[in-house]
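Asker: Here is the input, now give the coordinates:
(chains A, B, C and D)
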Protein chains: 2
Amino acid sequence: MVTVMNDHTFDFCETLTDAQDALAREMLERASAKWPLRAMHILAEAKGPLRFSRVLERVEGISQKVLTQTLRTLESDGLVTRTLYPQVPPRVEYELTPLGGELLVEVVTLWQWIANRLPDFEAARKRAPQATDTSKG
Amino acid sequence: MVTVMNDHTFDFCETLTDAQDALAREMLERASAKWPLRAMHILAEAKGPLRFSRVLERVEGISQKVLTQTLRTLESDGLVTRTLYPQVPPRVEYELTPLGGELLVEVVTLWQWIANRLPDFEAARKRAPQATDTSKG
DNA sequence: ATCTATACATACCTCATGGTAACTGTCATG
DNA sequence: CATGACAGTTACCATGAGGTATGTATAGAT
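Answerer: Numbering: from 1, shown residues only, chains lettered A, B, ... in the order given. All right, here's what the predicted structure looks like:
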């Protein structure tokens, strides 16, 4: 459990095992990563189940291989459901779970906070652009 | 700007340029990543400036090369300050900025939410352990 | 003269991520 | 018989993160 004080100081009480701590960190990273976040967002917008192809169309720039991996990981974390209809041609539907929806709300809240501070970040990068690599662009 | 409703539906209004959206995503990923988060946490705990070596000692498992990179990136994003004292041997102190402290509060809030839902995530992984790779452990 | 300490920079290596391209299996269509 | 659609899987490759080991500069200690 973590206690957050007003003055930006922190007090981590060790009520989590190492494994639990690692799991929480991993979930945090996964939920903030590009493709999982985009996929969850698409599924949230849909407000219902979506076929694989529909998700693939809407998550701009993702490859089908990575989308498969992403959705399977989200499924194994309990954030989306995967429903296979044994038809020909095959039909698979993905849907955000309540847990996934709640997590997305939390992540979007953080995203919003960051978006509100964008001028600060932009200003910081203009002052010290060393580590903000643009060589690949 | 993003509007979050109670029922896990989302409405992204396009008041951000593509560049701003990319920057916000990047900051979200960076702030949730392992090493930056650990480094910020250490600096927050210290409640004051810390020399490079002290941070290196406390961020368990990080190499000095990666810590240098991490701290420089945090500096260029305005989340920490880097103060060089022209002494021999050299002395460099790092300190969390107010912006960094505020961001850390937000990330820890998300972390707390995840920690509170750990039983859900553990249960999900037990049900569908495919994508939760343990081969490297 | 050599060693130590600090805060890096640099070279080199490994491994995971993620991209493209091609293959799979089944049925309807032409 | 060949093709296309769907939801993948598989092989292969490029990139980048991150590890180790070593170099750098300077001054004090031995």
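
Asker: can you list the weak-confidence ranges in chain A?
Answerer: In the predicted model, chain A carries pLDDT under 70 at residues A:1-14, A:129-137.

Asker: Just say helix, strand or coil for the residue lying farthest from the centre of it.
Answerer: Here the centre of chain A is the reference, and by CA atoms, centre = their mean the most remote residue is A:V88, at 31.9 Å. Taken by DSSP: H, G, I helix; E, B strand; the rest coil, the conformation at A:V88 corresponds to coil.

Asker: That one and DNA strand D, how far apart?
Answerer: Using CB to the nearest atom of the strand, to the nearest Å, we find A:V88 at a distance of 7 Å from DNA strand D. Heads up, the C-betas are built off the backbone N, CA and C, glycines and all.

Asker: List of residues touching the longest helix seen in chain A?
Answerer: The single longest helix within chain A, with elements called by DSSP state H, is helix A:98-116. In this structure, residues lying in contact with helix A:98-116 by CB atoms under 8 Å, 6 or more residues apart in numbering or on different chains are A:27, A:31-32, A:37, A:40-41, A:43-44, A:74, A:78-80, A:96, A:121, B:1-2, B:4, B:8, B:10, B:16, B:20, B:24-25, B:27-28, B:31, B:103, B:106-107, B:109-110, B:113-114, B:117, B:120, B:124.

Asker: try stretch A:120-131
Answerer: Under the contact criterion CB under 8 Å, 6+ apart, stretch A:120-131 has outside partners A:114, A:132, B:23, B:27, B:69, B:72-73, B:75-79, B:99.

Asker: hey, C-alpha coordinates of it in CSV?
Answerer: Presented in CSV, the C-alpha positions along stretch A:120-131 are these (Å, rounded to 0.1, in the frame of the first residue of the first chain):
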residue,chain,number,x,y,z
ASP,A,120,5.1,22.5,-19.3
PHE,A,121,6.5,19.5,-21.1
GLU,A,122,6.9,21.3,-24.4
ALA,A,123,8.7,24.1,-22.6
ALA,A,124,11.0,21.7,-20.8
ARG,A,125,11.9,20.0,-24.1
LYS,A,126,12.7,23.3,-25.8
ARG,A,127,15.0,24.2,-22.9
ALA,A,128,16.9,20.9,-22.9
PRO,A,129,16.3,19.0,-26.1
GLN,A,130,19.2,16.6,-25.7
ALA,A,131,17.4,13.5,-24.7
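
Asker: Give me the buried stretch members for it, please.
Answerer: Buried positions in stretch A:120-131, judged by neighbour count with 16 or more other CB atoms under 10 Å in any protein chain shown: A:120-121, A:124-125.
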